[in-house]
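1. Need a 3D model of the following:
(chains A and B)
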2 protein chains.
Amino acid sequence: MKVLILGGGGFLGSRLAFTIANHGGLHMGHVSRLTLVDLTFPDELKKNEKFRCIATDFSEASTMQSLLEHKPDIIFHLAAVVSGEAEKNFELGMKVNFHASLQMLEICRNMDFHPRIVFASACAVFGGDVKQTITHTTGPKPRSSYGTQKAMVELLINDYSRRCFVDARSIRLPTISVRPGKPNAATSSFLSGIIREPLKGQETTYPVQDSAKFWLLSPKRVIQNFLHAANIDAGKLGEDRIITLPGITASVGEMLKSLERIAGPKVAGLATYEPDEFLQSIVLTWPHYFNCSVAESLGFVKDKSVDELILNYIQEENIQLPKL
Amino acid sequence: MKVLILGGGGFLGSRLAFTIANHGGLHMGHVSRLTLVDLTFPDELKKNEKFRCIATDFSEASTMQSLLEHKPDIIFHLAAVVSGEAEKNFELGMKVNFHASLQMLEICRNMDFHPRIVFASACAVFGGDVKQTITHTTGPKPRSSYGTQKAMVELLINDYSRRCFVDARSIRLPTISVRPGKPNAATSSFLSGIIREPLKGQETTYPVQDSAKFWLLSPKRVIQNFLHAANIDAGKLGEDRIITLPGITASVGEMLKSLERIAGPKVAGLATYEPDEFLQSIVLTWPHYFNCSVAESLGFVKDKSVDELILNYIQEENIQLPKL
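-> Numbering: from 1, shown residues only, chains lettered A, B, ... in the order given. As a prediction, this is how the structure comes out:
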């Protein structure tokens, strides 16, 4: 069975690749080829014989065509221009987040092969009344171009699947926290930074008030959910292939309280409030109360608490608590 | 003020054009030019000096560019490949219903002019649980390619408006009944046919059981709503530019009962049930209970009853009841 990961050089993509290579987890068959596509790759991936890494811009139509010519059985599509960048560079966002995804679906349709596709959508498709509780019937009301582009691809995925051109499913990711590594251009980047940087003994800032709430999921759980999305029978999903992933609601203040419990007040105190109007204009439009009973009944999983989310990060990344 | 009607040769487009030309109704200014675009035009439009009729395929990019070069102040975008046709010819539906609309928005953005746009979307964006009550927060769950394409354009319109590239609004049309003229390829065509053909003394069929319910609006009211959508201040709409139009819920049986009250049992008896699986597979997925309090509070209007809907048709089209 051939597996293709678009965005395989990124944090979630590479973690998914290592999980599949080292622990399996895909029920459709034995993985004979694991191809990763991204603009660039870290050395640990490039040098690893388990992976076939292709450094290319998949948003070029001819590139996508050649990538799909070996007819992967499963495609994980995690590649995106992140929310902050898509807001600042409208054309790039449309090209990568929307047109390249349409291109992928069109090539599958024209080649008449029917891969299983797991598309990483985002809870950023929601916006507007942030105090509403999102359920599986709530409509996307994006307040960003990124969310708009994701919501459009979700619609395509439902229609292409309904017509049996592909067998795809979209999973809407909560904000993923704690991401290791460096801050990125995602508008939600600070929701990892306020845990990650203090745990390095470094100062950091957050652009919203302590009371601002978000919908969170750990890297560990999102990888489990990616695999589950690939494994679940189409018949169980029905005609609606969009799954809003479970998560936990927490405020910035609650996240810092949890960090304080785990690493002490001096560490937690390294994160301070520094308002940023641009970031506020986007992230404060994201609803943070969700009822994901449908997703949970389908077997998708979440973290138990913010403490678990932080402790998992410390354990997985082998973090030594700073001595302050 | 220049007004452009895409789909101006069709039933609703030409009716809108005549209304504007003969009765005004646009508050933004005096109409100095009224351009209609469609593949073909009836003579009554072509020969009318009030209109500039351009017979062309606007879904070609270069055509759209030349149409927008005179920078219309208001664009009514009513042109579409109808639901049945878009289901049977996927590529044509995507080209006309989706790509041409994106093209229109892109040209406006690139030319840096900011027309007011009224886009005719459709309640066919909804699907699935037909017994649910649709509100302004319910998400589109199209069960047709037509509905998918409309829902995607709605998302684009919200994002392009939010970014001030255009000042657009989408109105979701209920099934329009009674349409004069001939049956068309819309899957809902029979919902006009069961009134129109018997009133000509002609037999006709409908593909669903009498109990099947639909969400209806008369041509008269939809034209009022098009004008209102063009007149309403952007500030009143807020960030969500999608309006699900009010309508009335009626079953096929109720429509025929109303026809019987108005034209007698022999006329109503000319419409008979003849199941059609293809049509059922689409129209029976359309929800028919709507709460449109938001649209009504914004001033959008509906018919009072099925009787009014039929009597309006008889009056407007100057129908003589058949003597059976």
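2. What residues does chain A have near chain B?
-> In this structure, chain A approaches chain B at residues A:90, A:127-129, A:132, A:137-143, A:145, A:148, A:151-152, A:155-156, A:158-159, A:162-163, A:239-240, judged by C-beta under 8 Å from any C-beta of the partner chain. C-beta: built from backbone N, CA, C; applies to glycine.
3. which of those are buried?
-> The neighbour count (16 or more other C-beta atoms under 10 Å in any protein chain shown) marks A:90, A:127-128, A:137-143, A:145, A:148, A:151-152, A:155-156, A:158-159, A:162, A:240 as buried among the residues of chain A next to chain B.
4. Before we move on, what's the pLDDT of the residue of chain A found nearest chain B?
-> Nearest residue of chain A to chain B: residue A:139, at 3.0 Å (C-beta to the nearest C-beta). At residue A:139, the model reports a pLDDT of 93.
5. so what's residue A:246 up against?
-> A:217, A:290, A:292, A:295, A:296, A:300, A:301, A:302 (C-beta atoms under 8 Å, 6 or more residues apart in numbering or on different chains).
6. same question but for residue A:122, I mixed them up
-> Counting by C-beta under 8 Å, 6+ apart, residue A:122 has contacts A:83, A:146, A:147, A:150, A:172, A:173.
7. Identify the bridge partners of it.
-> residue A:173 (DSSP bridges).
8. Got the phi and psi for residue A:140?
-> Residue A:140 adopts backbone torsions of phi -60, psi 130, taken as degrees, to the nearest 10.
9. no no, residue A:205
-> phi -130, psi 160.
10. just checking, it touches residue A:190?
-> Yes. Counting by C-beta atoms under 8 Å, residue A:190 is a contact partner of residue A:205 at 7.3 Å.
11. In chain A, which residue is most central in space?
-> For chain A, the residue nearest the mean C-alpha position is residue A:173 (4.9 Å; C-alpha atoms, centre = their mean).
12. could you list every residue that touches it?
-> Residue A:173 makes contact with A:120, A:121, A:122, A:123, A:217, A:222, A:245 under the criterion C-beta under 8 Å, 6+ apart.
13. which stretches of chain A aren't confidently modelled?
-> Along chain A, no part satisfies pLDDT under 70.
14. Let me see the ranges of the strands in it.
-> A:2-6, A:33-38, A:52-55, A:74-77, A:116-122, A:133-134, A:167-173, A:175-176, A:204-206, A:213-217, A:242-244, A:248-251, A:271-273, A:289-290 (DSSP state E).
15. JSON lines please, covering these and showing distance to residue B:314.
-> Converted to JSON lines, the strands of chain A look like this (distance: least, C-beta to C-beta, whole Å):
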{"stretch": "strand A:2-6", "distance to residue B:314": "58"}
{"stretch": "strand A:33-38", "distance to residue B:314": "63"}
{"stretch": "strand A:52-55", "distance to residue B:314": "67"}
{"stretch": "strand A:74-77", "distance to residue B:314": "54"}
{"stretch": "strand A:116-122", "distance to residue B:314": "49"}
{"stretch": "strand A:133-134", "distance to residue B:314": "46"}
{"stretch": "strand A:167-173", "distance to residue B:314": "48"}
{"stretch": "strand A:175-176", "distance to residue B:314": "58"}
{"stretch": "strand A:204-206", "distance to residue B:314": "66"}
{"stretch": "strand A:213-217", "distance to residue B:314": "54"}
{"stretch": "strand A:242-244", "distance to residue B:314": "45"}
{"stretch": "strand A:248-251", "distance to residue B:314": "57"}
{"stretch": "strand A:271-273", "distance to residue B:314": "67"}
{"stretch": "strand A:289-290", "distance to residue B:314": "51"}
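16. re earlier: once you drop chain neighbours, what's closest to the residue of chain A closest to chain B?
-> residue B:139 (3.0 Å; C-beta to C-beta, 6 or more residues apart in numbering or on different chains).
17. Might one say that the one you found is in contact with residue A:138?
-> Yes. Judged on C-beta under 8 Å, residue B:139 makes contact with residue A:138 at a distance of 5.7 Å.
18. max-length helix in chain A?
-> Longest helix in chain A by number of residues (criterion: DSSP state H): helix A:145-162.
19. Restrict that one to CA atoms and write it as PDB.
-> Extracted C-alpha coordinates of helix A:145-162, given in PDB (Å, rounded to 0.1, in the frame of the first residue of the first chain):
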ATOM      1  CA  SER A 145      -9.200  33.800   4.200                       C
ATOM      2  CA  TYR A 146      -7.600  30.700   5.600                       C
ATOM      3  CA  GLY A 147     -10.900  29.500   7.100                       C
ATOM      4  CA  THR A 148     -12.700  30.300   3.900                       C
ATOM      5  CA  GLN A 149     -10.300  28.300   1.800                       C
ATOM      6  CA  LYS A 150     -10.500  25.300   4.200                       C
ATOM      7  CA  ALA A 151     -14.300  25.400   4.200                       C
ATOM      8  CA  MET A 152     -14.400  25.500   0.400                       C
ATOM      9  CA  VAL A 153     -12.200  22.400   0.200                       C
ATOM     10  CA  GLU A 154     -14.400  20.600   2.700                       C
ATOM     11  CA  LEU A 155     -17.400  21.200   0.400                       C
ATOM     12  CA  LEU A 156     -15.400  19.800  -2.600                       C
ATOM     13  CA  ILE A 157     -14.400  16.800  -0.600                       C
ATOM     14  CA  ASN A 158     -18.000  16.000   0.300                       C
ATOM     15  CA  ASP A 159     -19.100  16.400  -3.300                       C
ATOM     16  CA  TYR A 160     -16.200  14.400  -4.800                       C
ATOM     17  CA  SER A 161     -16.800  11.700  -2.300                       C
ATOM     18  CA  ARG A 162     -20.500  11.600  -2.800                       C
END
